[in-house]
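**Student:** one predicted model, sequence on top.
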Amino acid sequence: MSDTTSTPVEVRRLWPSDMEAYRDHLLRLDGRSRHERFGGGMSDDFLVHYAESCFGQGDLLYGALIDGKLVGAAELRSNAAIWSEQAPFGRHIHAEAAFSVEEGHRRRGIGEKLFRRIQRAASNHGVEVIEIICLPDNIGMRMLAQKFKTHFTFEESNLTGRLRARRPTPFSLMREAAGDAVDFGVAVFDAQWRSYVAAQSAPAEQERSNDRAA
Ligand SMILES: CC(C)(COP(=O)(O)OP(=O)(O)OC[C@H]1O[C@@H](n2cnc3c(N)ncnc32)[C@H](O)[C@@H]1OP(=O)(O)O)[C@@H](O)C(=O)NCCC(=O)NCCS
């Protein structure tokens with residue numbers, strides 16, 4: 001592993017071309033992290049299907065990448081698919097946020113960066129209230145959310161945290177749109193780069209497995 005404490009972390013929006021990277025990130029979560037993230041020890045099959053369902057209308061996903069590898073992610077999802085169809089002034093939407101940072105990359109501020117990005121996205125996409133559902137013993141998530149003045153209440157054996165998103169400004173809306181456009185370009189580039197690297201390493205991998213078989 002590279003020196004994760006000094007390597008810069010890039011936070012950007014994830015697009016459908018990032019689906020495989022997101023799936024692989026979820027699959028790398030250990031049992032405890034899966035339990036904390038999903039409220040249950042989810043199987044690989046569940047995570048594969050879950051990742052495939054995450055890029056629909058109304059879903060906003062952000063990733064934290066180190067050296068091009070996705071090591072953390074945050075989702076902001078709502079039943080109301082308003083993101084591109086409606087101006088963000090109605091502000092009546094409640095959306096659920098969820099976070100995951102891989103073991104080995106924690107406690108270096110990645111969760112905090114993702115939280116800040118989710119807050120900004122919520123403001124600029126018409127979300128009034130951000131909700132975070134976590135298990136009562138999930139101290140890490142509770143402490144992270146409390147840094148952002150999230151108010152937690154106990155609901156149906158889980159804790160639900162709520163915080164109100166800020167109102168958007170013309171500048172924040174422009175910045176969001178410009179950021180999305182850049183992130184889209186980077187996502188396409190990253191996907192092509194991953195295919196290129198995979199194609200380059202395939203013959204070498206084949207040679208190694210031929211050697212092993214011989
Ligand atoms: C919760 C989680 C996203 C935090 O990610 P992270 O990158 O480690 O968080 P950060 O490094 O940005 O931490 C920010 C602050 O949160 C608090 N915090 C984070 N993890 C903590 C822990 N294990 N114990 C106590 N406080 C913690 C601290 O106040 C920390 O600030 P500090 O390091 O300056 O003290 C990560 O632990 C995780 O992925 N857990 C498994 C999945 C999960 O629980 N998801 C939440 C359900 S939606």
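**Tutor:** Perfect, thanks for sending it.

**Student:** count of residues packed around residue 35?
**Tutor:** Under the neighbour criterion other Cβ atoms under 10 Å, residue 35 is assigned a count of 15. Every C-beta, even on glycine, is put in place using the N, C-alpha and C of the backbone.

**Student:** now do the contacts for it.
**Tutor:** 41, 135 (Cβ atoms under 8 Å, 6 or more residues apart in numbering).

**Student:** backbone phi and psi for residue 56, please?
**Tutor:** phi -90, psi -180 (degrees, to the nearest 10).

**Student:** per-residue pLDDT, residue 87?
**Tutor:** What the model reports for residue 87 is a pLDDT of 58.

**Student:** near the ligand, which residues of the chain?
**Tutor:** Residues of the chain lying close to the ligand (Cβ under 6 Å from any ligand atom) are 33, 36-37, 98-101, 106-112, 132, 134, 138-141, 143-144, 147.

**Student:** ok, and the closest non-adjacent residue to residue 119?
**Tutor:** residue 165 (6.3 Å; Cβ to Cβ, 6 or more residues apart in numbering).

**Student:** quick one: the helices in the protein?
**Tutor:** Under the criterion DSSP state H, helices of the chain are mapped to 19-28, 31-38, 44-52, 110-124, 139-147, 170-213.

**Student:** which one of these is the most hemmed in?
**Tutor:** Compared across those, helix 110-124 shows the largest average neighbour count, a mean of 21 (mean count of other Cβ atoms under 10 Å).

**Student:** so for that one, mean pLDDT?
**Tutor:** 95.

**Student:** pick out the residue of this structure closest to the ligand.
**Tutor:** Nearest residue of the chain to the ligand (Cβ to the nearest ligand atom) works out as residue 111 at 2.7 Å.

**Student:** I'd guessed that residue sits against residue 105; true?
**Tutor:** No - the pair residue 111 / residue 105 is not scored as a contact, 9.6 Å apart, by Cβ atoms under 8 Å.

**Student:** can you list residues touching both of these two?
**Tutor:** residue 72.

**Student:** follow-up on the earlier one: residues near the residue nearest to residue 119, how many?
**Tutor:** Look at residue 165: counted by other Cβ under 10 Å, it has 23 neighbours.

**Student:** residue contacts, it?
**Tutor:** Neighbours of residue 165 in contact, by Cβ under 8 Å, 6+ apart: 91, 119, 122-123, 127-130.

**Student:** how near is it to residue 101?
**Tutor:** Between residue 165 and residue 101 the distance is 22 Å, computed by Cβ to Cβ, to the nearest Å.

**Student:** same question for residue 37.
**Tutor:** As defined by Cβ to Cβ, residue 37 lies at a distance of 10 Å from residue 101.
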